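**Q** The sequence and its predicted three-dimensional model are supplied below.
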Amino acid sequence: MSTGELKKSKESSNSPSGSYGYYVYCICEKLPAEKLTHEPLPAAIDEKAKLEVIMREDLAGIVSAVPLSVFGEDALQERLTDAAWTAVKAMRHEQVVEHFAKQTSVVPLRFGTIYLERSGIEEMLDEKREQLSATLKRLQGHEEWGVNVYSDRDALLENITTVSPRLREMSEAAQKAPPGQSYLLQKKIDALRTDEVKVEVVRIADEIEKSLHDRSDGSVKLKILKVETTEHGELKAKFAFLVNKEKFAAFRDGAEELARRFEDSGIKIELTGPWPAYNFATL
Amino acid sequence: MSSPFDQMIVGSDGELAEEAQLSLLETLDHVLNRGLVIAGEITIAVADVDLIFVGLNVMVSSVETAQEVLRNRERNAVKALTPPESQ
């Protein structure tokens, strides 16, 4: 296959000019991309189109044609208000990226990156070739894992006198103190409970981040979405870690150890993944 | 001792719906909010995934493609998180 200009697909060349754009899912190296296109491919974001590979030198962009009547700027913004439509399209984006990410390192693009012409993608690949290649090299052999930290407030509140070093000390003192002094100390402890719960959640989340950061090749603290309250409790912190595939067992052991350590404090840890390196694909 | 994550990832039948929703939310968060932003001719900024999620809650079960993808994800996750000795 030629590395330079590829033939235009039938779909795009037959359509009136300007009515189709190209949706870009991810960028990877040319050789693995070529190999992976011989396997059965997942559905494209617009089901009538097929996935295509745009190759420039040693890079490949994974793309598919999208009708601008749906994926044009205004039309797309409008469609995004339809949650079910957006969910399906986002899932297709993910499935395409995962198809390539399971075998090679990829730079996943954010949802909704669309070019009006193939040449726009070729130019982008040329312009950013060095940075893209460096990022792909850095991500090689790695995958992203998500860690969510939940707190069961009631459980933590109940156990706070053993979890918080400060309150633990005070309550030990209260036990040894004469009745009058003990009563006063106990009142002071009760007044501090709620504040200490907040302090401890932050401290534990920090400890989880630091501890897992040491077993990974990078970490990012993520913004928490409003909707993320589940049966596990309230979501208090959310991290992404870049983990070397060969060191995943150690990473998981570390997460399990932390999960067991903080279980009784009402803190739950959830591990999600493996993800393509969405949070680490920076240029 | 079994992994504290097994239950969260695999779930019993009763928990699957909750898990599926969580995975969908995680996926939406990744795809819509993360990933490299390259200036295409059209670049859509999804301002608020929370907004997209409003009303999606129970709909998940009726979105066929979403379910299919989630099943794939679940399989991967289970494979990755089941320690060999407990298989």
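**A** Now that the structure is in, tell me what you want to look at.
**Q** For my notes, confirm A:Leu235 occurs in a strand.
**A** Yes - with DSSP: H, G, I helix; E, B strand; the rest coil as the criterion, A:Leu235 is part of a strand.
**Q** Kindly state the beta-bridge partners for it.
**A** A:Tyr150 (DSSP bridges).
**Q** ok and the residue in chain A nearest chain B?
**A** In chain A, no residue comes nearer to chain B than A:Gly112, which is 3.2 Å away by Cβ to the nearest Cβ. (C-beta placed from N, C-alpha, C; glycine too.)
**Q** quick one: A:Leu125 and A:Met55, what's the gap?
**A** Applying Cβ to Cβ, to the nearest Å, the value for A:Leu125 to A:Met55 is 8 Å.
**Q** quick one: the residue of chain A closest to chain B and B:Val37 touch, right?
**A** No - assessed by Cβ atoms under 8 Å, A:Gly112 is found out of contact with B:Val37, at 9.7 Å.
**Q** Is A:Lys89 in a helix, a strand, or coil?
**A** Classified using three-state DSSP, A:Lys89 is helix.
**Q** pretty sure it contacts A:Ile45?
**A** Yes - the pair A:Lys89 and A:Ile45 qualifies as a contact (Cβ under 8 Å) at a distance of 5.5 Å.
**Q** if you skip the residues just before and after it, what's nearest to A:Tyr23?
**A** In space, and not counting its chain neighbours, A:Tyr23 is closest to A:Val66: 4.6 Å by Cβ to Cβ, 6 or more residues apart in numbering or on different chains.
**Q** Now do the strands in the stretch 1-150 of chain A.
**A** A:20-29, A:51-56, A:59-67, A:106-108, A:113-115, A:142-151 (DSSP state E, counting those that start in this stretch).
**Q** Pipe those strands into CSV and attach mean neighbour count per row.
**A** CSV is the format used below for the strands of the stretch 1-150 of chain A (neighbours: other Cβ atoms under 10 Å in any protein chain shown):
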stretch, mean neighbour count
strand A:20-29, 26
strand A:51-56, 20
strand A:59-67, 24
strand A:106-108, 29
strand A:113-115, 25
strand A:142-151, 23
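**Q** Please name whichever of the ones you listed is nearest to A:His232.
**A** In terms of Cβ to Cβ, the element of the strands of the stretch 1-150 of chain A nearest to A:His232 is strand A:142-151, at 4.1 Å.
**Q** could you dump that closest one to PDB, C-alpha only?
**A** Output of strand A:142-151 as PDB, limited to C-alpha atoms (Å, rounded to 0.1, in the frame of the first residue of the first chain):
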ATOM      1  CA  HIS A 142       1.200   1.000  28.800                       C
ATOM      2  CA  GLU A 143      -2.500   1.200  29.600                       C
ATOM      3  CA  GLU A 144      -4.600   3.500  31.700                       C
ATOM      4  CA  TRP A 145      -6.300   2.400  34.900                       C
ATOM      5  CA  GLY A 146      -8.900   4.500  36.800                       C
ATOM      6  CA  VAL A 147      -9.100   4.500  40.500                       C
ATOM      7  CA  ASN A 148     -12.200   5.900  42.200                       C
ATOM      8  CA  VAL A 149     -12.300   6.500  46.000                       C
ATOM      9  CA  TYR A 150     -15.700   6.400  47.700                       C
ATOM     10  CA  SER A 151     -16.500   7.200  51.200                       C
END
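**Q** Output the below-cut-off pLDDT ranges for chain A.
**A** A:1-18, A:226-231 (pLDDT under 70).
**Q** Around the closest residue to A:Ala65 other than its chain neighbours, count how many other residues there are.
**A** Spatial nearest neighbour of A:Ala65, chain neighbours left out: A:Ala49 (4.3 Å); criterion: Cβ to Cβ, 6+ apart. Residues near A:Ala49, counting by other Cβ atoms under 10 Å in any protein chain shown, number 20.
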